[in-house]
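Engineer: Below is the sequence, then the predicted model.
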Amino acid sequence: MVVAATLLGGKPAAIGGGVALLAQLWAVALLRPRMRAPNPEFMARWLGGMGIRLLGVGVVLIVSATLPALLGYLGVLLPLLFLETRFLR
C-alpha cells in the first residue's frame, strides 16, 4: 500500500504512508498482548493505539504539511485498520 501511495502521490505520499505503517504496527504491538484481558486493560491499550495513530497525523503535519502526505497517510492507514480486525482475532 505504501508503494501504491508513492506511485500516486510521490515522495510526500510515501512519507505519509510510511508513518501510517509505523503507527499501525506500533498500535497493534501495543494491543495484541492484552486481547483477552479484562475490559479496562483492553480499553487502555486500545486508546493508546488510537493516540499513536493521532500522533502519526501530527508527525505527518510537522514533517510534510502537504495534501499528498495526508492522503498517503489516510490511504495506507484506513485499509490497515480494516485488516486489523481480522489479524487480531
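Structural biologist: That came in fine, so what should we check first?
Engineer: element containing the closest residue to Gly9 other than its chain neighbours?
Structural biologist: Distances taken as CB to CB, 6 or more residues apart in numbering put Pro68 closest to Gly9, at 3.8 Å, once the chain neighbours are dropped. Any C-beta I mention is one placed from the backbone N, CA and C, and that applies to glycine too. For Pro68, the enclosing helix or strand under DSSP states H and E is helix 67-87.
Engineer: what does stretch 37-49 contact?
Structural biologist: 26-28, 30-31, 33-35 (CB atoms under 8 Å, 6 or more residues apart in numbering).
Engineer: again, 7 Å this time
Structural biologist: 27, 30-31, 34 (CB atoms under 7 Å, 6 or more residues apart in numbering).
Engineer: Of these, which count as buried by neighbour count?
Structural biologist: Neighbour counting over these (16 or more other CB atoms under 10 Å) leaves 27, 30-31 as the buried ones.
Engineer: Export these to JSON lines and append columns for distance to Met1 and pLDDT.
Structural biologist: Formatted as JSON lines, the buried ones among the contacts of stretch 37-49 follow (distance: CB to CB, whole Å; pLDDT from 0 to 100):
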{"residue": "Ala27", "distance to Met1": "16", "pLDDT": "93"}
{"residue": "Leu30", "distance to Met1": "21", "pLDDT": "92"}
{"residue": "Leu31", "distance to Met1": "20", "pLDDT": "89"}
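Engineer: Could you measure from Phe82 over to Gly51?
Structural biologist: Remark: distance between Phe82 and Gly51 (CB to CB, to the nearest Å) = 20 Å.
Engineer: Where does the prediction get shaky in this protein?
Structural biologist: Scanning the chain for pLDDT under 70 picks out no residues.
Engineer: how about 80 then?
Structural biologist: The model of the chain has pLDDT under 80 over residues 87-89.
Engineer: relative to its centroid, which residue of it is most remote?
Structural biologist: Pro38 (24.5 Å; CA atoms, centre = their mean).
Engineer: Out of the contacts of stretch 37-49, which comes closest to Leu77?
Structural biologist: Nearest to Leu77 out of those is Ala27 (CB to CB; 9.8 Å).
Engineer: Done for today, thanks.
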